[in-house]
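Student: could you look at this predicted model? Sequence included:
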Amino acid sequence: MAGPTAVGKGTISADIRERYPEIWLSVSATTRDPRPGEVDGVNYFFVGPSKFQEMTENNELLEWAVVHGRNSYGTPRAAVEQQLDNDVPAILEIDLQGARQVKETMPDAQFIFLAPPSWDELVRRLIGRGTESPEEQERRLQTARVELAAQKEFDHIVVNDDVHRATDEIISLMGIEPRPVAR
């Protein structure tokens, strides 16, 4: 699952984690600092640049990229392979560059693009979360334009206009019957 900044990948992943615990969600490594409330090993593995470089040199990452021209992100290979070897349904929350790399090594995987309902809504979400400076917001929006233009490279496009509905659409694409939301 990939999509532009602020589209709600983390929110969708949290909904999947809560409502569909049988689905394994990868935890990416990143060189960026944690945002408020993020937990190391749950949201990301927060590592320094030298540790990340070591992971890339040792082929420990299934995919990796420098995102928004600043921080590195990557998916630890061993954890993904272990889940797939055990026939556990798995979702990777990755960026466009990562999706392209995974497509090269795992062409049978399903590639889902999480799209915003509109450009204006994407901008509203990014600014509204208040975690990036205006300069960083603009850098992320420039990247988002490129990512949105690549939607056609994916097998499926899911519009994140409602978290539970989008989650259930992704779950359905995995061949799993969606469940009602507990109220």
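Tutor: Structure received. Numbering: from 1, shown residues only.
Student: got a list of contacts for the lengthiest helix in the chain?
Tutor: Secondary structure of the chain per DSSP state H: the longest helix is helix 134-149. Helix 134-149 is contacted by residues 2-6, 67-70, 95-96, 115, 119, 122-123, 126-127, 132 when judged by CB atoms under 8 Å, 6 or more residues apart in numbering. Bear in mind the C-beta positions are built from the backbone N, C-alpha and C, glycine included.
Student: distance from it to the middle of the chain?
Tutor: How far helix 134-149 lies from its chain's middle: 16 Å, per CA atoms, centre = their mean, to the nearest Å.
Student: now do stretch 144-164
Tutor: Computed by CA atoms, centre = their mean, the chain-centroid distance of stretch 144-164 equals 12 Å.
Student: tell me the buried residues in that stretch?
Tutor: Ala144, Glu147, Leu148, Gln151, Phe154, Val158, Val159, Asn160 (16 or more other CB atoms under 10 Å).
Student: ditto for stretch 123-142
Tutor: Residues of stretch 123-142 classed as buried by neighbour count (16+ other CB under 10 Å): Arg125, Leu126, Glu132, Gln137, Arg139, Arg140, Leu141.
Student: how many neighbours does the residue nearest to the first one when sequence neighbours are not counted have?
Tutor: Think Arg125. In space, and not counting its chain neighbours, Arg125 is closest to Ala6: 4.2 Å by CB to CB, 6 or more residues apart in numbering. Ala6: 24 surrounding residues under other CB atoms under 10 Å.
Student: thank you, goodbye.
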